[in-house]
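Trainee: Let's see this in three dimensions:
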Amino acid sequence: MKRKTAARPTDGELEILRVLWRLGPSTVRDVHEALSDGRGTGYTTTGKLLQIMAGKGLVERDERDRAHVYRAAAAEEQTRRQLAGDLLDRAFDGSASAMLLHALESRKASREELQNIRRLLRNYERGEQ
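Mentor: Now for the predicted structure:
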């Protein structure tokens, strides 16, 4: 039986999810204010995006109060893992090494990032994922 996966968020939806992960449960106004950096996105646009995201299962809405409160349906790490797995399957035929090599070729990794990659590989080889 195939496991049901959540919808893949668009770039705009990811921005909203980042706000919800950072702030926690928030009203449309909270999200709109966190996003408004001169882009001119309207309050109603933010509200409509949150409604669409609720329909897709990306956020959950608490309707007990007059101002609806939204929260991310999945933790940030879970969403990142899902997106990475999806990219791995779609673009790299499931090859983690191809994905990592292309990522490292596309932009320079910091010394700290390379140390983290080495640590993760050592842990993976030991079975300490």
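Trainee: Please, which helix or strand holds the closest residue to residue 72 other than its chain neighbours?
Mentor: Nearest in space to residue 72, with sequence neighbours left out and distances taken as CB to CB, 6 or more residues apart in numbering, is residue 20 at 4.4 Å. C-beta here means a position set from N, CA and C on the backbone, and glycine is covered the same way. If you go by DSSP states H and E, residue 20 is part of helix 11-23.
Trainee: which helices and strands sit right next to that helix?
Mentor: Helix 11-23 sits against helix 28-35, helix 43-56, strand 59-62, strand 69-72, helix 76-92, with contacts defined as 3 or more CB pairs under 8 Å, 6 or more residues apart in numbering; DSSP states H and E.
Trainee: Give the buried residues for that helix.
Mentor: 13, 15-17, 19-20 (16 or more other CB atoms under 10 Å).
Trainee: Could you do stretch 28-35 as well?
Mentor: 28, 30-32, 34-35.
Trainee: Leaving out chain neighbours, which residue sits closest to residue 12?
Mentor: residue 49 (6.4 Å).
Trainee: Who are the contact partners of that neighbour?
Mentor: Contacts for residue 49 (CB atoms under 8 Å, 6 or more residues apart in numbering) come out as 12-13, 16.
Trainee: again, only this time at 10 Å
Mentor: 10, 12-13, 15-16, 28, 31-32, 35, 41, 58-59 (CB atoms under 10 Å, 6 or more residues apart in numbering).
Trainee: how far away is the closest residue to residue 25 other than its chain neighbours from residue 116?
Mentor: If you skip the residues right next to it in sequence, residue 25 has residue 71 as its closest partner in space, 4.2 Å away by CB to CB, 6+ apart. Computed as CB to CB, to the nearest Å, the residue 71 to residue 116 distance reads 29 Å.
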